[in-house]
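Peer 1: Quick check, what structure comes out for this input:
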Amino acid sequence: MDEVKPDRRLKGKTNFISWKREFERAARANDVLEFLTGEEVVPPKPNKDEYFVKVLDTETRRSTRIKKSLSPTTDDENETDDGQAVVLTTNNTLRWQIDYNDHKVAKEKMKMANKLLDKWISDGIKIETEDCSDAKEAYDFIKKRYAVTNERARDILLNRLNDLKLDHCASVTDYTNQVRQVKADLKTVKYDMTDDMFATALLHGLPPSYRGFKEKYDWIRSINPDDSPDLDYLFERMHVEEMHQLQIKEERKIREKVKRDAISSNGIMNTDNNTRYRPRREDRSHLKCTHSGCGKTGHTEEYCWVKNPEKIPRSLKEKFTNTTNRAVITNGMGGVAEMDLPDSKDTYIRTDALDA
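Peer 2: As a prediction, the model looks like this:
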């Protein structure tokens, strides 16, 4: 007996129509529906004594006959009495076994019906059926308590059909099966859905990604608008479109993955370049130059540019040559004067000190 999902169990009047159809289908599959409807009942347990009372009477007559053995009797009479006793004993035993087996099988079927009904109803309804003696009584109570009129059932089912969408289903097959179930439920409340209405309901529940598919199908329908739609063709094309949509999604995922991998790879390369050309410098803030003309921190006298101008990097020399060697200053009398690079060595500072 399979487990029943919570959304398929009876909750009340809102899902009674669909629940009744699915539950009776499950009961029929388990061969217990007749016990729920009353077509089959559990017979009373047979009383063994009632089946063998005639046998006891026969044995009594046999004892009496033995006591009267002194009186002369014919052999034919004895054989007839013994044969009747054997036949009665055999027939009654078989009849009792058959009746007992029928009772036992029917009792097991009713137990199975109880378990099946218990799986198909919600916890709240289980409380209401606790006082019922068997599954038939509980099922009769449920039908009387939660059955709805045909008008209300039609409204509930049509609203459910309108809310049914492909996005809420596992696949196109699941979607079409659910629409078929609603159509079958509508038929039980005397509402026949035509093929045109069925096709319209199917197309209504398709997502926006199926817009092109719907336009193509509408164009095909417009060729012979008075003819009934070919539902088999519609089902087939919906499954083909589903495969096409899945392929588009897979291709989109692949493109997004390639894009993410490229961005990640570029980020790693940029990080490598930054660390490669800009290595982390050691902390030199604790160093101090002992040269008399400098005395700055961040380097030692050995690497002092003031003491040893030839150690200044060429790129830094060119930079200061372009900015300071040709710098123009006023001499206070409206004239100009040029400041030479060799005369202003103090303008150079150690880059290590800057980094510090």
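
Peer 1: Going by C-alpha atoms from here, please, whenever you check contacts or count neighbours.
Peer 2: Will do.

Peer 1: Helix, strand or coil: sort out the most centrally placed residue in the chain for me.
Peer 2: Note on the chain: the residue nearest the mean C-alpha position is residue 170, at 7.8 Å, using Cα atoms, centre = their mean. Following DSSP: H, G, I helix; E, B strand; the rest coil, residue 170 is assigned to coil.

Peer 1: What score does it have for pLDDT?
Peer 2: At residue 170, the model reports a pLDDT of 91.

Peer 1: quick one: contacts for it?
Peer 2: Contacts for residue 170 (Cα atoms under 8 Å, 6 or more residues apart in numbering) come out as none.

Peer 1: Quick one: neighbours of the closest residue to residue 119 other than its chain neighbours, just the number.
Peer 2: Nearest residue to residue 119, sequence neighbours excluded (Cα to Cα, 6 or more residues apart in numbering): residue 4, at 6.4 Å. Residues lying near residue 4 (other Cα atoms under 10 Å) number 12.

Peer 1: Can you name the helix or strand that residue 4 falls in?
Peer 2: For residue 4, there is no host helix or strand (DSSP states H and E).

Peer 1: can you give me phi and psi for it?
Peer 2: Backbone torsions of residue 4, given as degrees, to the nearest 10, read phi -100, psi 130.

Peer 1: is it true that it touches residue 120?
Peer 2: Yes. Counting by Cα atoms under 8 Å, residue 4 touches residue 120, with 6.5 Å between them.

Peer 1: any weak-confidence spans in the stretch 251-356 of the chain?
Peer 2: The model of the stretch 251-356 of the chain has pLDDT under 70 over residues 267-281, 319-356.

Peer 1: 50 instead?
Peer 2: Scanning the stretch 251-356 of the chain for pLDDT under 50 picks out the ranges 277, 325, 327-356.

Peer 1: So which residues of it form strands?
Peer 2: 328-330, 336-338 (DSSP state E, counting those that start in this stretch).

Peer 1: which secondary structure elements does the lengthiest helix in the chain contact?
Peer 2: Ranked by residue count and defined by DSSP state H, the top helix of the chain is helix 231-277. Using 3 or more Cα pairs under 8 Å, 6 or more residues apart in numbering; DSSP states H and E, the elements in contact with helix 231-277 are helix 172-188, helix 195-204.

Peer 1: so where's the stretch 1-150 of the chain uncertain?
Peer 2: 54-56, 58, 66-67, 70-86.

Peer 1: Quick one: end-to-end length of stretch 198-209, please.
Peer 2: This stretch, stretch 198-209, spans 21 Å end to end (Cα to Cα, to the nearest Å).

Peer 1: buried residues in that stretch?
Peer 2: 198-199, 201-206 (16 or more other Cα atoms under 10 Å).

Peer 1: And stretch 282-299, by the same measure?
Peer 2: 288-289, 294, 296-299.

Peer 1: With just CA atoms, put the helix or strand hosting residue 152 into CSV.
Peer 2: Per DSSP H and E, residue 152 falls inside helix 150-163. Extracted in CSV, the C-alpha atoms of helix 150-163 (Å, rounded to 0.1, in the frame of the first residue of the first chain):
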residue,chain,number,x,y,z
ASN,A,150,-23.2,19.8,-8.3
GLU,A,151,-23.3,23.6,-8.7
ARG,A,152,-20.7,24.2,-6.0
ALA,A,153,-18.6,21.4,-7.2
ARG,A,154,-18.5,22.9,-10.7
ASP,A,155,-17.5,26.3,-9.4
ILE,A,156,-14.6,24.7,-7.3
LEU,A,157,-13.4,22.7,-10.3
LEU,A,158,-13.5,25.5,-12.8
ASN,A,159,-11.6,27.8,-10.5
ARG,A,160,-9.0,25.1,-10.0
LEU,A,161,-8.7,24.6,-13.7
ASN,A,162,-8.2,28.4,-14.1
ASP,A,163,-5.4,28.4,-11.5
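
Peer 1: buried residues in it?
Peer 2: Those buried within helix 150-163 under the rule 16+ other Cα under 10 Å are 153-154, 156-157, 161.

Peer 1: export these to CSV and tack on pLDDT and distance to residue 111?
Peer 2: Formatted as CSV, these follow (pLDDT from 0 to 100; distance: Cα to Cα, whole Å):
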residue, pLDDT, distance to residue 111
153, 89, 31
154, 91, 34
156, 90, 33
157, 91, 33
161, 92, 36
